[in-house]
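In: Mind folding the following:
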Amino acid sequence: MSTTAAPRENVSLTPVFVRLKLSLLRNGLRQSSGRKAVWVTSIVFTALFAALQLLGLIALRGHDHAAALTVAIAALLAFGWAFVPLFFSGGDETLDPSRLVMLPLRPGPLVVALLAASLIGIGPCFTLVILVGSVIATAHGLAAALVGVPAVAMSLLLCLALARAVATANVRLLTSRKGRDLAVLSGLVIAVGMQFLNFGLQQLSSAGGLARLEPVADVLRWVPPGSALDAVRAASEGSYGLAAAELALSAAALAALLWWWQRGLTKLMTSPDGSTVAAAEPQKARREGTGLVRLLPAGRTGAVMDRSLRYAVRDPKIKMGWASSLLLGLILPLVNAAQGNGSIYFSFFAVTMLGMQSFNLFGQDGSAFWMVMQTITSPRDAYAELRGRALTLALISVPYLALVVTVTAAVTGNWRAFPMVLGLGLALAGSLTAVGALTSVHMPFSIPQEGAFKNVAPGQAGIAWLGMLGVLPAALLSAPLIALSVWLYGPDSGGLLWGLLPLGATYGLLMAWAGLRIAAPRAARLLPEILAAVSKG
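Out: Numbers count the residues shown, from 1 in each chain. Now for the predicted structure:
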């Protein structure tokens, strides 16, 4: 009797990966009741939002420009599926195919299995509901309904395959420090995107309505998955040849996307690991004392500025704070100007956003502040430390303020108030620096490194909110110059307003100098308390 076992038949990967995805969801919910509550809440809110969107699309049935909206929705869904995984890659463990490189899997079956597993989740269900509602809004007749079935299937698969292909192409980025930086910046991207979405919705609600989407839809209906949904509209109008061409275009795009994804998987599973490649390469010599470093002041002030600039480039939380302040400070004036409510005085929002970065100068150091503390032996050392950090903020905020005021003046056409606003902005920036130096000494708090949206250590939220109220005393410090500006701003002011520019710059410089001088001896005296506060995270 032969003891040789018969070879096992090839097992399909698709059921295995589907069960794996279900197991990951189930085990993730078992980790904590809080995670389960968040997941259930997400399902409820997503279902309600999807139901409202579905009812809205059904209500558009028969509208002359409903197809323009559905094509735009398809493009928006594809855009979201392409880029959201780059910011929230940690939410789905199956987005990282590098975990499968040690298994004997072929890329072709792996693509099919991963695509099938991608159909499980809240996002795919939400997308399916929106696509079905889009078909209902534009389908008229049996032929259009029949075309809608492959249109929905191809649109959904295009979105999922696009997400997987982009994640695979950027898997090295997603698992690196830069990938964590992207996760931190996700909130900023969402906030900026919401501003543009809000502006777009306001434009649609104004005169013209959905008809204003037609020029955009004429382009997007030839860009998959918009072409798949537009095929339903073409079939409803009897243009069966056009509908077939648009479906064929979507099918070709899906095939090309799957090929690109499979090619990316092949490259990922056969190329050496990034760590071994880095170890095999010769170490590059570092160039010290080049670029901006050569322009910094000598002594402790320049060293502090160099260190602060390096923190701003390398630390994700600091980078997030700067990026949000810079982008939101510029976007708010421009969005209001585009909506017809623009004013050059919105530039003060940019000044405030940047000035608030000085309200917790030591929090970015965390427990490493003990090394800085060892080098401060006198109020003079503390003054040099505070001055270096304040000059780092000024190095970025002063040119940025000039840019925002100039752009806002150009958009609104109010060049007459340009010197006054820029001068007041410089005065306010100096006042914010003065107040920030004092709040940094008396109300410091820790900035935890873990968690993309956790910016205050437990128990210090009240301190952080209280420190943000420093905007009020900063405005009071600028009150004399504000009163002078109001008095001068009249029909006969002439060139007097230009005098406010150097006056505001001088006033802001004096305020910043006075604040740093007052805060320096207190910082030297309260170093242990500052270290304890910033080390809690």
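In: Okay, the residue nearest to residue 401 when sequence neighbours are not counted and residue 299: tell me how far apart.
Out: By the measure of C-beta to C-beta, 6 or more residues apart in numbering, the closest residue to residue 401 outside its immediate chain neighbours is residue 425, 5.0 Å from it. Backbone N, C-alpha and C define where each C-beta goes, glycine included. Remark: distance between residue 425 and residue 299 (C-beta to C-beta, to the nearest Å) = 29 Å.
In: cool, and residue 519?
Out: Using C-beta to C-beta, one gets 19 Å for the distance from residue 519 to residue 299.
In: that older thread, who's more crowded, residue 425 and residue 299?
Out: In this view residue 425 and residue 299 are compared by other C-beta atoms under 10 Å, and residue 425 has more residues nearby, 29 against 10.
In: what residues does stretch 226-243 touch?
Out: Contacts to stretch 226-243, defined as C-beta atoms under 8 Å, 6 or more residues apart in numbering, come from residues 67, 70-75, 131, 134-135, 138-141, 143-144, 146-148, 150-152, 154-155, 158, 217, 220-221, 244, 246-247, 249-250, 253.
In: how about a cut-off of 6 Å?
Out: 67, 70-71, 74-75, 134-135, 138-141, 143-144, 147-148, 151, 154-155, 220-221, 246-247, 249-250 (C-beta atoms under 6 Å, 6 or more residues apart in numbering).
In: Let's see stretch 516-534 as CSV, backbone CA atoms only.
Out: In CSV, the C-alpha atoms belonging to stretch 516-534 read as follows (Å, rounded to 0.1, in the frame of the first residue of the first chain):
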residue,chain,number,x,y,z
LEU,A,516,10.7,88.3,25.7
ARG,A,517,12.5,90.5,28.2
ILE,A,518,9.7,90.0,30.8
ALA,A,519,9.4,86.3,30.1
ALA,A,520,13.1,85.4,30.2
PRO,A,521,13.8,85.7,33.9
ARG,A,522,10.6,83.9,34.7
ALA,A,523,11.5,81.1,32.3
ALA,A,524,14.9,80.8,34.0
ARG,A,525,13.2,80.5,37.4
LEU,A,526,10.4,78.1,36.3
LEU,A,527,12.5,75.6,34.3
PRO,A,528,11.6,72.5,36.4
GLU,A,529,7.9,73.3,36.2
ILE,A,530,8.1,73.8,32.4
LEU,A,531,9.9,70.4,32.1
ALA,A,532,7.3,68.6,34.2
ALA,A,533,4.5,70.2,32.1
VAL,A,534,5.9,69.4,28.6
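In: Helix, strand or coil: sort out residue 230 for me.
Out: For residue 230, the reduced secondary structure class is helix; criterion used: DSSP: H, G, I helix; E, B strand; the rest coil.
In: and the nearest residue to it once chain neighbours are set aside, what does it touch?
Out: Using C-beta to C-beta, 6+ apart and skipping the chain neighbours, the partner closest in space to residue 230 is residue 221 (3.8 Å). With contacts taken as C-beta under 6 Å, 6+ apart, residue 221 has the following neighbours: 71, 227, 230.
In: re the thing from before, could you turn the buried ones of the contacts of stretch 226-243 into a PyMOL selection?
Out: In PyMOL, a selection of the buried entries from those looks like this (16 or more other C-beta atoms under 10 Å):
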select buried, resi 67+70+71+74+75+134+135+138+139+144+147+148+151+154+155+220+221+246+247+249+250
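In: Show me the domain layout of this protein.
Out: 13-270, 294-534 (automatic domain parsing).
In: now those domains in JSON lines, with mean pLDDT?
Out: Formatted as JSON lines, the domains of the chain follow (pLDDT from 0 to 100):
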{"stretch": "domain 13-270", "mean pLDDT": "79"}
{"stretch": "domain 294-534", "mean pLDDT": "82"}
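In: Got the phi and psi for residue 296?
Out: phi -80, psi 150 (degrees, to the nearest 10).
In: doesn't residue 302 make contact with it?
Out: Yes: taking contacts as C-beta atoms under 6 Å, residue 296 lies within contact range of residue 302: 3.8 Å.
In: Please enumerate the helices of the stretch 151-300 of the chain.
Out: 171-174, 177-205, 214-220, 226-236, 240-270, 274-280, 300-314 (DSSP state H, counting those that start in this stretch).
In: ugh, wrong one, the stretch 351-500 of the chain
Out: 369-374, 379-412, 418-442, 461-468, 471-477, 479-488, 500-525.
In: Go through the first one and flag the buried ones.
Out: Using 16+ other C-beta under 10 Å as the burial criterion, the residues of helix 369-374 that qualify are 369, 372-373.
In: CSV please, covering those residues and showing distance to residue 435.
Out: Rendered in CSV, the data for the buried residues of helix 369-374 read as follows (distance: C-beta to C-beta, whole Å):
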residue, distance to residue 435
369, 21
372, 22
373, 23
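In: nearest residue to residue 249 other than its sequence neighbours?
Out: Nearest-residue entry for residue 249: residue 227, 4.8 Å, with adjacent residues in sequence omitted and distances by C-beta to C-beta, 6+ apart.
In: now residue 313
Out: Counting by C-beta to C-beta, 6+ apart, the nearest residue to residue 313 once its immediate chain neighbours are dropped is residue 319, at 7.1 Å.
In: Please report how far the one you found lies from residue 513.
Out: Summarising the geometry, the distance separating residue 319 from residue 513, computed by C-beta to C-beta, is 29 Å.
In: Enumerate every residue touching residue 354.
Out: The neighbours of residue 354, taking C-beta under 6 Å, 6+ apart as the test, are 325, 397.
In: Distance of it relative to residue 332?
Out: Taken as C-beta to C-beta, the span from residue 354 to residue 332 is 13 Å.
In: how far out from the middle of the chain is the helix or strand residue 325 falls within?
Out: Using DSSP states H and E, residue 325 falls within helix 316-338. Relative to its parent chain, helix 316-338 has a centroid offset of 11 Å by C-alpha atoms, centre = their mean, to the nearest Å.
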